[in-house]
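**Q** any chance you could fold what I've pasted below:
(one chain, ligands or ions: 2)
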Amino acid sequence: MSLDAADAVRDHVVLWSRAVPNRVDLSQLDDAERQRVHAAATPATARQRAAGLTLVRRALAEVLGTDAPAVAVDRTCPRCGGLHGPPRVVADPGLFVSVTHVRPQAGRMPAREAGVIVALTRIAPVGLDIVRSDDVQFPGFDAVALHPDDGLPADATSRARVWARKEAVLKALGVGLDTEPTSFPAGRPGVVQGLPNGSCAIVADLDLQAPAAEQSLGFDVGAAGQTVAAVALARSAPLVAVRWMPSGHP
Ligand SMILES: CC(C)(COP(=O)(O)OP(=O)(O)OC[C@H]1O[C@@H](n2cnc3c(N)ncnc32)[C@H](O)[C@@H]1OP(=O)(O)O)[C@@H](O)C(=O)NCCC(=O)NCCS
Ligand SMILES: [Zn+2]
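**A** Ligands and ions are numbered 1, 2, ... in the order given. I've put the predicted structure just below:
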């Protein structure tokens, strides 16, 4: 398994997923990560953070052939210097990481499960984003999210796809929402996209239903189209080969 993941990240974007468990597990985290978990405003956020931080470590450990607590991950925020920025593998800067969370929906009965997905690859800086269609159905979304070339998305699923592709690109570039999502159109899968700042990206939609046929994502994403995800690479070559690792981490 470890050899397999170490090989796969050379020419694939490799994905790990897990559900957020009911209790906080700090056992594999370093001091700075534990502090971030303790600083969470709600118990649900603490569980979500701990699950994400732990999954990043487990995935990296699998690729690097080491133990999860031994991996050094820098999360210095490019904007403010705080420790909540994009993860960077200190000992292996050519191994790129992206993380996305799907958070429980407050007030929904039954509450949909929370989950985390982590992407690792050596191909190029990577960005990953997962979006629930319900979360992009608010008045004003189109004004803050869409570029004129995006047109008007036909339904909630298309709107979520546009948003997931844009956030994946912004995460691959490491800028996040510091760059206006309205300043560029969502890329079309498989087509290299030139961006306003002169960089290039390539995006692919992820099929969240397909991995469930062979293996579970580890958490419930609802029916097809209710939750969508996209992955982007900051590069100008047109192929994004994606591979899911079996979930199964508790
Ligand atoms: C990156 C960003 C788009 C993610 O937003 P989101 O869709 O709500 O959340 P997701 O769960 O999909 O992604 C969160 C992950 O993005 C990553 N991330 C944070 N900043 C990032 C950046 N500039 N570029 C790429 N990834 C980033 C982190 O790994 C984070 O997960 P973690 O905290 O568990 O490590 C958004 O947080 C953002 O734009 N951040 C940068 C600007 C900002 O607000 N900074 C605030 C502090 S100064
Ligand atoms: Zn910051």
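
**Q** contacts and neighbour counts: CA atoms only from here.
**A** Noted.

**Q** contacts for stretch 179-189?
**A** Contacts with stretch 179-189, where a contact means Cα atoms under 8 Å, 6 or more residues apart in numbering, come from 143-150, 162-163, 165-167, 170, 193, 195-196, 202-205.

**Q** among the residues you listed, which ones are in strands?
**A** Counting by DSSP state E, the part of the contacts of stretch 179-189 found in strands is 193, 202, 203, 204, 205.

**Q** enumerate every residue touching the first one.
**A** The reference is to residue 193. 187, 200, 201, 202, 236 are the contacts of residue 193 under Cα under 8 Å, 6+ apart.

**Q** for ligand 2, what's the nearest residue on this protein?
**A** Using Cα to the ion, the single residue of the chain nearest to ligand 2 is residue 80, 4.1 Å away.

**Q** how many residues are close by that residue?
**A** For residue 80, the count of nearby residues is 9 (other Cα atoms under 10 Å).

**Q** with residue 48 instead?
**A** Neighbours of residue 48 under the rule other Cα under 10 Å: 27.

**Q** so which bits of the strand or helix carrying it are buried?
**A** Assigned by DSSP states H and E, residue 48 belongs to helix 43-64. For helix 43-64, a neighbour-count test (16 or more other Cα atoms under 10 Å) marks 44-64 as buried.

**Q** and what about residue 138, helix, strand or coil?
**A** With DSSP: H, G, I helix; E, B strand; the rest coil as the basis, residue 138 sits in coil.

**Q** pLDDT score for the closest residue to residue 34 other than its chain neighbours?
**A** Excluding the flanking residues, the one nearest residue 34 by Cα to Cα, 6 or more residues apart in numbering is residue 26, at 6.4 Å. pLDDT for residue 26: 97.

**Q** if you rank the ones in strands among the contacts of stretch 179-189 by neighbours, which is first?
**A** Tallying neighbours with other Cα under 10 Å puts residue 203 at the head of those, with 31 neighbours.

**Q** surely that one meets residue 191?
**A** Yes: if you go by Cα atoms under 8 Å, residue 203 and residue 191 touch, sitting 7.4 Å apart.

**Q** where does the residue lying closest to residue 58 once chain neighbours are set aside fall, phi/psi-wise?
**A** Of all residues not flanking residue 58 in the chain, residue 68 sits nearest, at 5.1 Å (Cα to Cα, 6+ apart). Reported as degrees, to the nearest 10, the phi and psi values for residue 68 are phi -50, psi -40.

**Q** follow-up on the earlier one: which one of the contacts of residue 193 sits closest to residue 38?
**A** residue 201 (35.8 Å; Cα to Cα).

**Q** check contacts around that closest one.
**A** 169, 172, 192, 193, 194, 195, 232, 233, 234, 235, 236.

**Q** in three-state terms, label residue 130 for me.
**A** Secondary structure for residue 130, judged by three-state DSSP, is strand.

**Q** what's the distance between the residue nearest to it when sequence neighbours are not counted and residue 11?
**A** Excluding the flanking residues, the one nearest residue 130 by Cα to Cα, 6+ apart is residue 229, at 4.1 Å. Computed as Cα to Cα, to the nearest Å, the residue 229 to residue 11 distance reads 20 Å.

**Q** and those two? Which one has more around it.
**A** Neighbours were counted for residue 229 and for residue 11 using other Cα under 10 Å; residue 229 has more, 25 against 16.

**Q** quick one, what contacts the residue nearest to residue 34?
**A** 34, 50, 54.

**Q** for the chain, what spans make up the strands?
**A** 13-19, 73-74, 88-89, 96-102, 115-121, 126-132, 193-194, 200-206, 227-233, 242-244.

**Q** out of the ones you listed, nearest to ligand 1?
**A** Of all the strands of the chain, it is strand 96-102 that lies closest to ligand 1, at 3.7 Å by Cα to the nearest ligand atom.

**Q** and residue 56, what does it touch?
**A** Neighbouring residues of residue 56 by Cα under 8 Å, 6+ apart: 99, 118.
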